[in-house]
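In: show me the folded form of this:
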Amino acid sequence: MPKKKKSGSLWTRTHDLPIRRLTSSGYITATPSMYNISVKHLTCFDVISNEEYAIILIFCTATWSVFSLCGIISNFINIKTFVAMGLNDGITVSFLALSIFDFAYLVFSFCLGISSAFRAVESLSSKRFDVEPYGVSVFVANVLIMVAVTNVLTTTFLAVARCMCVAKPLHFKNYFTVKRTVYFMSGFAIFAVTVYMPLLANMGMLTRFDNKTKISRPSLWVSKYKEPIKNVLFVIIDTVLPVSSQIIVLMCILVMASSLRASAMFRQASGIQRCDKNNADIVSCSKDKKTDHINVTEKLCGKDLRVVQQVVLISLVYVVCNTPRILISVAGLLEPEFRIGKRYNNLYLSLNAFRKHVEIFNATTNTFIYYKFNTKFRNTLFSKGT
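Out: So this is what the prediction gives:
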């Protein structure tokens, strides 16, 4: 183990835990797996020392695993309940797809936490496993990023679809059918795989002999084309996609929140506490019969109101949890040294490690939203045999 250095000390790393090695070309720094970085030769000063980063990483691997396991259980409950409810409308199919994507994201998050823990053991001791944990972590982390794309697209779709139904109910109320929704969800999955496949195709695990450890084992292999592909791909996935999604979802939240306020004022003014079970779940307040254009002001109630409440809360949680990712990306654009392999490498990685906690939280909390605002979900969850 290297001697402890204070914050701002000279740092280097092999893989992503603090191991100092001096070579003829300088200090070797190997970047961590979850951000898919190559080994570089670099000498610099950082805000967070190697030892401090090692402590942060060990803490994060433990919390990732625990939180991910809780999320796996909650999303399994979601999937089972939505299937038992029956996939009779587009919104239920959307919620089911989001639960499936969240479930997959959390499974890979759990695997990343476990592989990172094994990597920490190797880095801090002489223990060597039959398979290189670092390589496993790199591959799992890249699959995790690919799955996260489907989560972003599905959440954005939910917000846009419900916003359109609220803003123009006569045009879009029956547009998002089960069939169309399945097409959208399948398209999101195909898009994520297609976009990310070039990067996955240029990396893998190959059995090689390690001169330092004197053993042969499957280790990480990357092609010479991986870095340029990664640089282009991460601009899309880490900057363009999250920023665009954030703006779209925020606009949809404003529209839906306005509709919720109007609905509350309408019910309060008219004294209506519930809608007639025989009506179409919406009340038309005005209609101009003198023109061909029908102007209808919709007041939400019943099922539609609860659906909007669910989507608004899911969107709000998404916006809050997506904000750290955007701030880190913007900071990297404003400060070139705040990146992997640059001056503030440890700080960048530490902030991203904590960022992952809020993303796991985002994928875990939807169960409570469904339970609170979805009567059918709640009844089905506790019904016999569900």
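In: poorly predicted segments of this structure, please.
Out: Residues of the chain meeting the criterion pLDDT under 70: 1-46, 213, 263-264, 266-303, 384-386.
In: could you pull out the strands for it?
Out: In the chain, the strands defined using DSSP state E lie at 10-11, 22-23, 26-30, 39-41, 44-45, 203-210, 215-222, 282-284, 298-300.
In: show me what contacts T92?
Out: F82, M85, G86 (Cβ atoms under 8 Å, 6 or more residues apart in numbering). Every residue, glycine included, has its C-beta placed from N, CA and C.
In: state the distance from the closest residue to V255 other than its chain neighbours to T365.
Out: Leaving aside its chain neighbours, V255 sits nearest to C163 (4.9 Å; criterion: Cβ to Cβ, 6 or more residues apart in numbering). Here the criterion is Cβ to Cβ, to the nearest Å. By it, C163 lies 21 Å from T365.
In: more crowded one of these two?
Out: A side-by-side neighbour count of C163 and T365, using other Cβ atoms under 10 Å, places C163 first with 24 against 17.
In: can you list the residue ranges for helices in the stretch 1-150 of the chain?
Out: In the stretch 1-150 of the chain, the helices defined using DSSP state H, counting those that start in this stretch lie at 50-85, 90-124, 133-167.
In: and what of the stretch 151-300 of the chain?
Out: Using DSSP H, counting those that start in this stretch, the helices of the stretch 151-300 of the chain run over 169-172, 178-200, 226-235, 241-270.
In: export those to a markdown table and append columns for mean neighbour count and distance to L69.
Out: Formatted as a markdown table, the helices of the stretch 151-300 of the chain follow (neighbours: other Cβ atoms under 10 Å; distance: least, Cβ to Cβ, whole Å):
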| stretch | mean neighbour count | distance to L69 |
| --- | --- | --- |
| helix 169-172 | 14 | 39 |
| helix 178-200 | 15 | 24 |
| helix 226-235 | 14 | 28 |
| helix 241-270 | 16 | 26 |
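In: can you put the ones you listed in JSON lines and add distance to P324?
Out: Formatted as JSON lines, these follow (distance: least, Cβ to Cβ, whole Å):
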{"stretch": "helix 169-172", "distance to P324": "33"}
{"stretch": "helix 178-200", "distance to P324": "21"}
{"stretch": "helix 226-235", "distance to P324": "16"}
{"stretch": "helix 241-270", "distance to P324": "10"}
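In: nearest to N151, of the ones you listed?
Out: Nearest of the helices of the stretch 151-300 of the chain to N151, taken as Cβ to Cβ: helix 178-200 at 9.1 Å.
In: so what secondary structure elements neighbour the closest one?
Out: Helix 178-200 makes packing contacts with helix 90-124, helix 133-167, helix 226-235 when contacts are defined by 3 or more Cβ pairs under 8 Å, 6 or more residues apart in numbering; DSSP states H and E.
In: for the ones you listed, give me CSV that also has distance to L313.
Out: Below are those laid out as CSV (distance: least, Cβ to Cβ, whole Å):
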stretch, distance to L313
helix 90-124, 12
helix 133-167, 11
helix 226-235, 30
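In: before we move on, back to that, mind putting the helices of the stretch 1-150 of the chain into TSV with distance to L250?
Out: What follows is these, written out as TSV (distance: least, Cβ to Cβ, whole Å):
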stretch	distance to L250
helix 50-85	25
helix 90-124	19
helix 133-167	9
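In: ok, now which ones touch the closest residue to F108 other than its chain neighbours?
Out: Nearest residue to F108, sequence neighbours excluded (Cβ to Cβ, 6+ apart): L144, at 4.2 Å. Listed by Cβ under 8 Å, 6+ apart, the contact set of L144 reads M34, Y105, F108, S109, L112.
In: number of residues surrounding the nearest residue to the fourth one once chain neighbours are set aside?
Out: If I follow you right, that is S109. Excluding the flanking residues, the one nearest S109 by Cβ to Cβ, 6+ apart is S68, at 4.1 Å. Burial of S68 is recorded as 24 neighbouring residues (other Cβ under 10 Å).
In: correct me, but S68 touches I114?
Out: No. Assessed by Cβ atoms under 8 Å, S68 is found out of contact with I114, at 9.5 Å.
In: center of the chain, which residue is that?
Out: A148 (4.3 Å; Cα atoms, centre = their mean).
In: if I look at the spatially closest residue to I145 that is not a sequence neighbour, how far off is C321?
Out: Excluding its sequence neighbours, the residue lying closest to I145 (Cβ to Cβ, 6+ apart) is I237, at 6.5 Å. In this view, I237 and C321 are 16 Å apart by Cβ to Cβ.
In: what do you get for T61?
Out: From T61 to C321 the distance is 20 Å (Cβ to Cβ).
In: which of the two has more residues huddled nearby?
Out: Neighbours per residue (other Cβ under 10 Å) separate T61 from C321, with T61 holding more: 21 against 18.
In: okay, now the nearest residue to T61 once chain neighbours are set aside: neighbour count?
Out: Excluding the flanking residues, the one nearest T61 by Cβ to Cβ, 6+ apart is S116, at 4.2 Å. Number of residues near S116 (other Cβ under 10 Å) recorded here: 29.
In: swap in S125?
Out: 9.
In: what's the answer for S315, then?
Out: 24.
In: can you check the one 3 residues further on too?
Out: Burial measure for Y318: 25 neighbouring residues, criterion other Cβ under 10 Å.
In: what of P336?
Out: A count of nearby residues for P336, using other Cβ under 10 Å, gives 10.
In: doesn't Y344 make contact with it?
Out: No. The criterion here is Cβ under 8 Å, and P336 misses it with Y344 at 9.9 Å.
In: tell me who's in contact with the residue lying closest to L206 once chain neighbours are set aside.
Out: Excluding its sequence neighbours, the residue lying closest to L206 (Cβ to Cβ, 6+ apart) is W221, at 4.4 Å. If a contact means Cβ under 8 Å, 6+ apart, then W221 has G135, M203, G204, M205, L206, R208 as its contacts.
In: cutoff 7 Å now
Out: Residues in contact with W221, defined by Cβ atoms under 7 Å, 6 or more residues apart in numbering, are M203, G204, M205, L206.
In: so it bridges to which residues?
Out: W221 has these beta-bridge partners by DSSP bridges: G204.
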